[in-house]
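Participant: quick one: sequence plus predicted model below, questions after.
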Protein chains: 2
Amino acid sequence: MDNRTKILQCALELFAVRGYDGVGIQEIVDSSGITKPTLYHYFGNKEGLLTALFDEYFNRFTLKLRDAAVYDRDLPDSLDKIFSVYTDFAKTNSSFYSILLALVFAPPQSRAYQVAVRYAAEPFVILESLFIQAAQDHGNMKNRHRLYAASLIGMMNNFIALHLNGAVELNGKLKKRALHQFMYGIFS
Amino acid sequence: MDNRTKILQCALELFAVRGYDGVGIQEIVDSSGITKPTLYHYFGNKEGLLTALFDEYFNRFTLKLRDAAVYDRDLPDSLDKIFSVYTDFAKTNSSFYSILLALVFAPPQSRAYQVAVRYAAEPFVILESLFIQAAQDHGNMKNRHRLYAASLIGMMNNFIALHLNGAVELNGKLKKRALHQFMYGIFS
DNA sequence: CACAATCTATACCGATCGGTATAGTGTCGC
DNA sequence: GCGACACTATACCGATCGGTATAGATTGTG
């Protein structure tokens, strides 16, 4: 593993458990076994390190989400795929998702939030677009796409947060129940 | 306004916009117009300042929530009251609720999280107890009280977060829609 | 071989971090 | 007038913060 990857890996784990502001550069380079100038060579500054983490993980996620969120006139099927993309990603990248969750709810003027929000906006746009298309087939959904996208993301994040705390298992049964409940709010 | 209150007020505003870790003691005392020893006289250390904020705001909230969450064999009515308690509190104490939201999703090993989680557990217990009682009248709810409590809190926090970002208005119509959807998941 | 480019380590920077020792204040009951 | 107490200011502490100047090592290329 090269030094760049080592740094990213250690930063990921440290940020996940103690937060971006709570971890100093010195601690990252110590646990990586490298030194400061090496880190600054690759990432420029602390914010660049966080940005690199998001580039590494979030872009992969967005690609999968875009695939799942194409509308083929079967909204329940699309939602099912989307839910799976979220939970699969959160399960296989739990440390990164912990960071993501913390930053999405972080104070708006913190540096870390401003990095995260640039990325977190994309899934919202993707889901919003899905609901706009679906509204052509479901008249009562009109003009609620923003609320639907936000509610769906919020619900999934909530279950993922519970999962990360060990409170629930993200299995097919939970997915079915959650989506069933969500769709009731849409179609009724 | 005495110095103690001045400090609490300034700390509240600063923590809300830049986070607990992102705000230094020096900045708090500067904007309060007092000096460090005064702050440390009242609060002991930085963590004590955060604890004092939670004592000031969260305990008031918990009292109201306990009132709303008594079960009188009308679950929809209880949920309606609970929703109002949450949204009313969030609206009149938006800075504090921003801090609360950030800390609930903060990394588990951060100091701030460990303070917040001691308080945040109480509403969960209160709501859990409500669902346990309600299960006596609704057989299909058995053994799901933890999931119900977590889902309800998650949903309300999600709407409150949207409200704090200016995305939605927390009015009666939203409450009705949200609870309607939530109860569908319970009673079906 | 020489040269440039990439990468890494030693040592250091000023600023800020949370926290405190000391020395006062003012206001009480006595 | 008195000590006791709650409160506040000046000045300072070691540690850590994010970041860098300088130089040495390594590597691919001519």
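Facilitator: Received the coordinates, thanks.
Participant: residues from chain A in reach of DNA strand D?
Facilitator: Within chain A, the positions near DNA strand D by Cβ under 7 Å from any atom of the strand are A:Val23, A:Gly24, A:Ile25, A:Gln26, A:Glu27, A:Lys36, A:Pro37, A:Tyr40, A:Asn45, A:Lys46, A:Glu47. All C-beta atoms are positioned from the backbone trio N, CA, C, and that covers glycine.
Participant: please pick the buried ones from the residues you listed.
Facilitator: Among those, the ones that count as buried by 16 or more other Cβ atoms under 10 Å in any protein chain shown are A:Val23, A:Lys46.
Participant: include secondary structure, pLDDT and distance to DNA strand C when you put the residues of chain A next to DNA strand D into CSV, please.
Facilitator: What follows is the residues of chain A next to DNA strand D, written out as CSV (DSSP: H, G, I helix; E, B strand; the rest coil; pLDDT from 0 to 100; distance: Cβ to the nearest atom of the strand, whole Å):
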residue, secondary structure, pLDDT, distance to DNA strand C
A:Val23, coil, 97, 14
A:Gly24, coil, 97, 10
A:Ile25, helix, 97, 10
A:Gln26, helix, 97, 8
A:Glu27, helix, 97, 14
A:Lys36, helix, 95, 5
A:Pro37, helix, 95, 3
A:Tyr40, helix, 97, 8
A:Asn45, coil, 97, 13
A:Lys46, helix, 97, 12
A:Glu47, helix, 97, 16
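Participant: show me which pair in the residues of chain A next to DNA strand D is furthest apart.
Facilitator: A:Val23 and A:Pro37 (18.6 Å; Cβ to Cβ).
Participant: pull the contacting residues for A:Ser31.
Facilitator: Contacts for A:Ser31 (Cβ atoms under 8 Å, 6 or more residues apart in numbering or on different chains) come out as A:Cys10, A:Leu14.
Participant: for it, helix, strand, or coil?
Facilitator: Of the three states, A:Ser31 takes helix under DSSP: H, G, I helix; E, B strand; the rest coil.
Participant: so for it, what's the pLDDT?
Facilitator: For A:Ser31, the pLDDT comes out at 95.
Participant: could you list the low-pLDDT ranges of chain A?
Facilitator: A:188 (pLDDT under 70).
Participant: up against chain B, what does it have?
Facilitator: A:15-19, A:21-22, A:98-99, A:101-102, A:104-111, A:146-147, A:150-151, A:154-155, A:157-159, A:161-162, A:167-168, A:177, A:180-182, A:184-185, A:188 (Cβ under 8 Å from any Cβ of the partner chain).
Participant: could you give the number of residues near A:Ser32?
Facilitator: Neighbourhood size, A:Ser32 [other Cβ atoms under 10 Å in any protein chain shown]: 20.
Participant: phi and psi next, for the residue of chain A found nearest DNA strand D.
Facilitator: Across chain A, no residue is closer to DNA strand D than A:Gly24, which sits at 2.4 Å (Cβ to the nearest atom of the strand). The phi/psi pair for A:Gly24 (degrees, to the nearest 10) reads phi -90, psi 160.
Participant: quick one: it and A:Met183, what's the gap?
Facilitator: Going from A:Gly24 to A:Met183 by Cβ to Cβ, to the nearest Å gives 46 Å.
Participant: ok, now A:Gly172?
Facilitator: With Cβ to Cβ as the criterion, A:Gly172 and A:Met183 are 16 Å apart.
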